[in-house]
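Undergrad: What follows is a predicted protein model with its sequence.
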Amino acid sequence: MAAFAALWESLLPIGRDPVTGGYHRIAWSEPELRCRAWFTHEAERRDLTVERDGNGNLFAWWVEGRGQAVLTGSHFDSVPGGGAFDGPLGIVSAFAALDLLRAEGYRPAHPIGIAAFAEEEGSRFGISCLGSRLLSGEIDPDRARVLADAEGVTFAEAVTADLGPGALDAFRIGRDDALLGRIGCFVELHVEQGRALDVPVGVAGAIWPHGRWRLDFAGRGDHAGSTRLEDRHDPMQPFGHAVIAAREAAERHGARATIGRVNTVPGGTNVIASHVTAWLDARGPGDEVVRATVAEIRERVSLAAAFHGVEFGLTPESYTPLVDFDPDLRKRMLAALGGVPVLPTAAGHDAGILAARLPTAMLFVRNPTGVSHAPEEHVTEEDCMAGVAALAAVLRDLAGA
């Protein structure tokens, strides 16, 4: 298992903030591009065939055996200031698992692939799991092409930036049936992002339905000192109501609702804002729970906006319904692992998106802090090794001998 430690240490410094310890690996940023180069280097060291699809997803193939491939992997991109393990753990573990299988002299009957999916967190272009959504046809490619980041760079421009002149017009973004047809199943290893796992490794049962909504508040900009309170149309007032309404509605419906990102215009300290844009993340154990939670938030914030003379709009940006992972694949994995716990998750993953097109499953590795999307996210070295061993056992079984 020394191979895992060496791989992990070689990737660990990329994108890490030396002050906070958090990671900034936004899709197609310099740190994330370095991770992609690391992926290609490690694949070529192992004589794996590297491909990049039209959506910016990377694949490394152990082309041995015949028929449909067993795919594993995860993503490199992070949320701003995220943890080290969310995403990269699944990719590093995949390379280490292949090393372990090869050291045993294992020869697969089916090809094995490692994937690095693009823009899983949605931190740059706003849509989570964008690479896997495009690959599987879960989002309109024309919509994805024009998604823009804070600097106005579109997704299509980011994907094609390193391909040379003319690439933007010629490059194909969208569902790839030929690639999907080569994949028999996908198994994603991921750090567990809560406190539900009390043993080193578990298997996912389902992913809660979850979505993102944009909240727009249009008021009137004015002077913070000279404008009387009764004369204001301050969009920050209903925005404040939205933050409280999200928490209270989630508590009432047994859901989880978060407003963690907000932009104000013009953003001055002594200025009443003219416009506020915020994003709501809502998820729950069932679709009806999420719908009821968002409906209550909409109603309460609409009333607050009207009271303050502010225009309010709530726009859905992405939604993923309840995902039940393939029961036959899960049963086979449990048999290969000798019995480990099965647990649901409220976090979204590429495996959840691909589940609409092919059998998918997930392995979770214990996170003793229970913290994720923050520097305190952690996995012990022993549990990392247990994850590699579990993934190798699953690949050994699924790819045949």
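TA: Looks like it came in fine.

Undergrad: Spell out the residue ranges of the helices in the stretch 201-350 of the chain.
TA: Using DSSP state H, counting those that start in this stretch, the helices of the stretch 201-350 of the chain run over 236-253, 287-307, 327-337, 350-354.

Undergrad: Make CSV out of those helices and add mean neighbour count and distance to residue 147.
TA: Just so you know, the C-beta spots here come from the backbone N, C-alpha and C atoms, and that holds for glycine as well. Shown next, in CSV, are those (neighbours: other C-beta atoms under 10 Å; distance: least, C-beta to C-beta, whole Å):
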stretch, mean neighbour count, distance to residue 147
helix 236-253, 19, 24
helix 287-307, 18, 22
helix 327-337, 16, 32
helix 350-354, 28, 16
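
Undergrad: So for residue 377, which of these sits nearest?
TA: Closest approach to residue 377 among the helices of the stretch 201-350 of the chain is made by helix 350-354 (18.2 Å; C-beta to C-beta).

Undergrad: Quick check: pLDDT value at the most far-flung residue of the chain relative to its centre.
TA: Relative to the centre of the chain, the most outlying C-alpha is that of residue 226, 45.4 Å out, by C-alpha atoms, centre = their mean. Per-residue confidence (pLDDT) for residue 226: 97.

Undergrad: quick one: contacts for it?
TA: Contacts of residue 226 were listed using C-beta atoms under 8 Å, 6 or more residues apart in numbering, and none were found.

Undergrad: Please shift the residue numbers so they start at 7 in all later answers.
TA: Okay, using 7 as the starting number, the last item reads as residue 232.

Undergrad: Pull up the gap between it and residue 18, please.
TA: Residue 232 sits 53 Å away from residue 18, going by C-beta to C-beta, to the nearest Å.

Undergrad: And for residue 182, the neighbour number?
TA: Residues near residue 182, counting by other C-beta atoms under 10 Å, number 18.

Undergrad: now swap in residue 101 and tell me
TA: 24.

Undergrad: Equivalent analysis for residue 12, please.
TA: With neighbours defined by other C-beta under 10 Å, the count for residue 12 comes to 11.

Undergrad: need the strands for the stretch 307-407 of the chain, in chain order.
TA: Under the criterion DSSP state E, counting those that start in this stretch, the stretch 307-407 of the chain contains strands at 317-326, 329-330, 348-351, 366-371.

Undergrad: Pick the most deeply packed of these.
TA: strand 366-371 (a mean of 26; mean count of other C-beta atoms under 10 Å).

Undergrad: and that one, what other elements does it pack with?
TA: strand 189-197, strand 207-213, helix 333-343, strand 348-351, helix 356-360, helix 387-404 (3 or more C-beta pairs under 8 Å, 6 or more residues apart in numbering; DSSP states H and E).

Undergrad: Could I get the average pLDDT for the longest one?
TA: When the per-residue pLDDT values of helix 387-404 are averaged, the result is 97.

Undergrad: And the first one, by the same measure?
TA: Strand 189-197 comes out with an average pLDDT of 98.

Undergrad: And for the third one?
TA: In this model, helix 333-343 has an average pLDDT of 96.

Undergrad: before we move on, the earlier item: of all the helices of the stretch 207-356 of the chain, which one is nearest residue 78?
TA: That would be helix 356-360 among the helices of the stretch 207-356 of the chain, by C-beta to C-beta, at 9.8 Å.

Undergrad: ok, residues contacting that closest one?
TA: Residues from elsewhere that reach helix 356-360 (C-beta under 8 Å, 6+ apart): 80-81, 121, 123, 126, 135, 137-139, 141-142, 144, 192-194, 210, 213, 326, 329, 331, 366-368.

Undergrad: coming back round to it: any chance of TSV for the helices of the stretch 207-356 of the chain, columns distance to residue 49?
TA: Converted to TSV, the helices of the stretch 207-356 of the chain look like this (distance: least, C-beta to C-beta, whole Å):
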stretch	distance to residue 49
helix 242-259	42
helix 293-313	38
helix 333-343	25
helix 356-360	18
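
Undergrad: Which helix or which strand is home to the residue lying closest to residue 82 once chain neighbours are set aside?
TA: Leaving aside its sequence neighbours, residue 82 sits nearest to residue 41 (C-beta to C-beta, 6 or more residues apart in numbering; 4.0 Å). Assessed by DSSP states H and E, residue 41 sits inside helix 36-51.

Undergrad: send the alpha carbons of that helix over as CSV?
TA: Output in CSV follows, covering the C-alpha atoms of helix 36-51 (Å, rounded to 0.1, in the frame of the first residue of the first chain):
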residue,chain,number,x,y,z
GLU,A,36,-4.4,26.4,-12.8
PRO,A,37,-4.5,23.9,-9.8
GLU,A,38,-7.2,21.8,-11.4
LEU,A,39,-5.3,21.7,-14.7
ARG,A,40,-2.2,20.5,-12.8
CYS,A,41,-4.3,17.7,-11.3
ARG,A,42,-5.4,16.8,-14.8
ALA,A,43,-1.7,16.7,-15.9
TRP,A,44,-1.0,14.5,-12.8
PHE,A,45,-3.8,12.2,-14.0
THR,A,46,-2.3,11.8,-17.5
HIS,A,47,1.2,11.3,-16.1
GLU,A,48,0.1,8.6,-13.7
ALA,A,49,-2.0,6.9,-16.4
GLU,A,50,0.9,6.8,-18.9
ARG,A,51,3.2,5.5,-16.3
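
Undergrad: residues in contact with residue 65?
TA: Contact analysis of residue 65 by C-beta under 8 Å, 6+ apart lists 56, 57, 58, 59, 77, 119, 120, 121, 122, 185.

Undergrad: quick one, phi/psi of the closest residue to it other than its chain neighbours?
TA: The shortest distance from residue 65 to any residue other than its chain neighbours is 4.7 Å, reached at residue 57 (C-beta to C-beta, 6+ apart). Backbone torsions of residue 57, given as degrees, to the nearest 10, read phi -130, psi 150.

Undergrad: Hmm, residue 64 and residue 57 touching each other?
TA: Yes: between residue 57 and residue 64 there is a contact under C-beta atoms under 8 Å: 7.5 Å.
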